[in-house]
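In: next one to model:
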Amino acid sequence: MIIYVDENDENTRLDSFLATVTKDLSRAKLQSLIKSGVVKVNDSAKKPSYSIKENDKIEFEIPENETVKIEPEYIPLDIVYEDENMLVVNKPSGMLTHPTSNERCGTLVNALLFKYGENLSDLNGEFRRGIVHRLDKNTSGLLMIAKNNKTHEYLAGIIKNHQITKKYRTIVKGVYTKDEEIINLPIARHPAKPHKMTVVEGGKESITIVKVIKRFKNATYLDVTLVTGRTHQIRVHLSHKGFPVFNDTLYGAGSAPVKTEEQALQSYYLRFTKPFSDEIIELEIEPDEKIQKVLTYLKNRS
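Out: You can find the predicted model right below:
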């Protein structure tokens, strides 16, 4: 198996990163494999504590008796765009992008494997077949999928070089005072809580453009454009500014004023150049059920 590290996993320990990829191997087993030289980073052996870097090439073989197969599942896909090299799906809230150690079923990858089989890129390993970028489990919306490795490299390149426009809708707690704002605050993993990200000096450059769509009593409907794409970037930036996304329990918003199980955040717009072509692809979807539900409540209340 060969995996290339993307920018969102940079500075993670090698053994911790592999634990998210191999899933069923214990930390002790992974450390043993790394120490024995089975795992190569850029063709060299490293320590389990090695801090991985963007574009590192990690190569290893999982012992056959340890291999876990991800099963295809029939789960209907909402395909917004498709060509010979890629597709864009509208991922629903509550669905994981790819399997984890706790959840191996019901993910987008399970659904993709059922429909496309082996006709998906594998640059990010078997657990992330076709996956070029991710959306949080509780974030809905547009997600690009690569059908082959050449397309995967192309899409990863335009994301890295900011040659793609990604916009989100969100509803936050509090009345956002500025009509438009560029948030430029560095983000890195939380030093004490590695499952979280945080604004911290020395973190990676992170830029978010925020525009107010509508203000309500103690709530604001926002249009958000990602210039960079750090893990949890929108949620971290808005929470840091004092306007956490409704239902984002990880970053401090708590429950929304109306029952929705997922955070009020949707990736609704993509604009990019079609792989190996000059054609511009522009996609936009309507607000999803959770956004509509909270908006209806807020409008009726005001």
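In: is it true that Val175 lies in a helix?
Out: No: using DSSP: H, G, I helix; E, B strand; the rest coil, the assignment for Val175 is coil, not a helix.
In: I'd assumed Arg215 was in contact with it.
Out: Yes: using C-beta atoms under 8 Å, Val175 is in contact with Arg215, at 5.4 Å. The way it works is simple: take the backbone N, C-alpha and C, and place the C-beta from them, glycine included.
In: who's more crowded, these two?
Out: Ranked by neighbour count (other C-beta atoms under 10 Å), Val175 and Arg215 place Arg215 first, with 17 against 13.
In: from the contact counts, what lies against the helix or strand harbouring the more buried one?
Out: Taking DSSP states H and E as the criterion, Arg215 maps to strand 207-216. If you count contacts as 3 or more C-beta pairs under 8 Å, 6 or more residues apart in numbering; DSSP states H and E, strand 207-216 packs onto strand 180-184, strand 219-226, helix 233-240, helix 289-301.
In: so what strands line up beside that strand?
Out: strand 180-184 (antiparallel), strand 219-226 (antiparallel) (DSSP bridges).
In: turn those strands into JSON lines, including mean pLDDT, mean neighbour count and distance to Ala156.
Out: Below are the strands paired with strand 207-216 laid out as JSON lines (pLDDT from 0 to 100; neighbours: other C-beta atoms under 10 Å; distance: least, C-beta to C-beta, whole Å):
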{"stretch": "strand 180-184", "mean pLDDT": "98", "mean neighbour count": "14", "distance to Ala156": "23"}
{"stretch": "strand 219-226", "mean pLDDT": "97", "mean neighbour count": "21", "distance to Ala156": "15"}
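In: reformat the helices and strands packed on strand 207-216 as JSON lines; add distance to Asn124.
Out: Shown next, in JSON lines, are the helices and strands packed on strand 207-216 (distance: least, C-beta to C-beta, whole Å):
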{"stretch": "strand 180-184", "distance to Asn124": "28"}
{"stretch": "strand 219-226", "distance to Asn124": "20"}
{"stretch": "helix 233-240", "distance to Asn124": "20"}
{"stretch": "helix 289-301", "distance to Asn124": "28"}
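In: low-confidence ranges, the stretch 201-302 of the chain, go.
Out: Residue ranges of the stretch 201-302 of the chain with pLDDT under 70: 253-261.
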